[in-house]
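>>> Build me a model from this:
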Amino acid sequence: MKYYILTYKTGDNFLEERKKFRKEHLSHATEYFNEGYLQQGGALENPANEALLIFKADSEKIIEAFVKNDPYYNNGLIKSWTVRKWNVAIGS
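So this is what the prediction gives:
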């Protein structure tokens, strides 16, 4: 298993718009967490224009499937996203 970091760049009204889809998004994220893929995730502050999610998976396909089924992405709250492999040096 490898670690990956998913970075979301959010839209201008993310904090307001996410209220409509937050319950669905958190439910979706919880599924991936319960399956052992999503390790941690959350939005950055000041400004709240990005979010980081850390995954542990065999390939990027798991993360790509997460994005394609994420209510935030499907409803236009995410302007862009990237996935990068993370070589963890310290910690599990």
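>>> Packing partners of the longest helix seen in the chain?
In the chain, taking DSSP state H as the definition, the longest helix is helix 22-34. On a contact count with 3 or more CB pairs under 8 Å, 6 or more residues apart in numbering; DSSP states H and E, helix 22-34 meets strand 38-43, helix 60-68, helix 71-74. Just so you know, the C-beta spots here come from the backbone N, C-alpha and C atoms, and that holds for glycine as well.
>>> Mind listing what's buried along the shortest one?
Neighbour-count burial for helix 71-74, counted by 16 or more other CB atoms under 10 Å, picks out P71, Y72, Y73.
>>> need the helix or strand of the chain with the lowest average pLDDT.
helix 14-17 (a mean of 92; mean pLDDT, DSSP states H and E).
>>> would you list the helices and strands packed on helix 22-34 in CSV and tack on mean pLDDT and distance to K85?
Converted to CSV, these look like this (pLDDT from 0 to 100; distance: least, CB to CB, whole Å):
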stretch, mean pLDDT, distance to K85
strand 38-43, 96, 14
helix 60-68, 98, 8
helix 71-74, 97, 21
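>>> Please identify which of the ones you listed is closest to T82.
Closest to T82 of the helices and strands packed on helix 22-34, according to CB to CB: helix 60-68, at 10.0 Å.
>>> for that closest one, which positions count as buried?
By neighbour count on 16+ other CB under 10 Å, the buried set for helix 60-68 is I62, I63, F66, V67.
>>> what pLDDT, on average, does the longest helix of the chain get?
Mean pLDDT, computed over helix 22-34, is 98.
>>> Let the chain start at 176 from now.
Taking 176 as the first residue, the last one we looked at is helix 197-209.
>>> could you give the angle of it to strand 213-218?
150 degrees (axes from the mean of the first three to the mean of the last three CA atoms, to 10 degrees).
>>> Just want the angle from helix 197-209 to helix 235-243.
Using the same axes, to 10 degrees: helix 197-209 against helix 235-243 is 160 degrees.
>>> List the contacts of helix 197-209.
Applying CB atoms under 8 Å, 6 or more residues apart in numbering, the external contacts of helix 197-209 come out as R193, L213, Q214, G216, L228, F230, I237, F241, N244, D245, P246, Y247.
>>> May I ask which two of the residues you listed are separated the most?
It's R193 and I237 that sit farthest apart of those, by CB to CB, at 23.0 Å.
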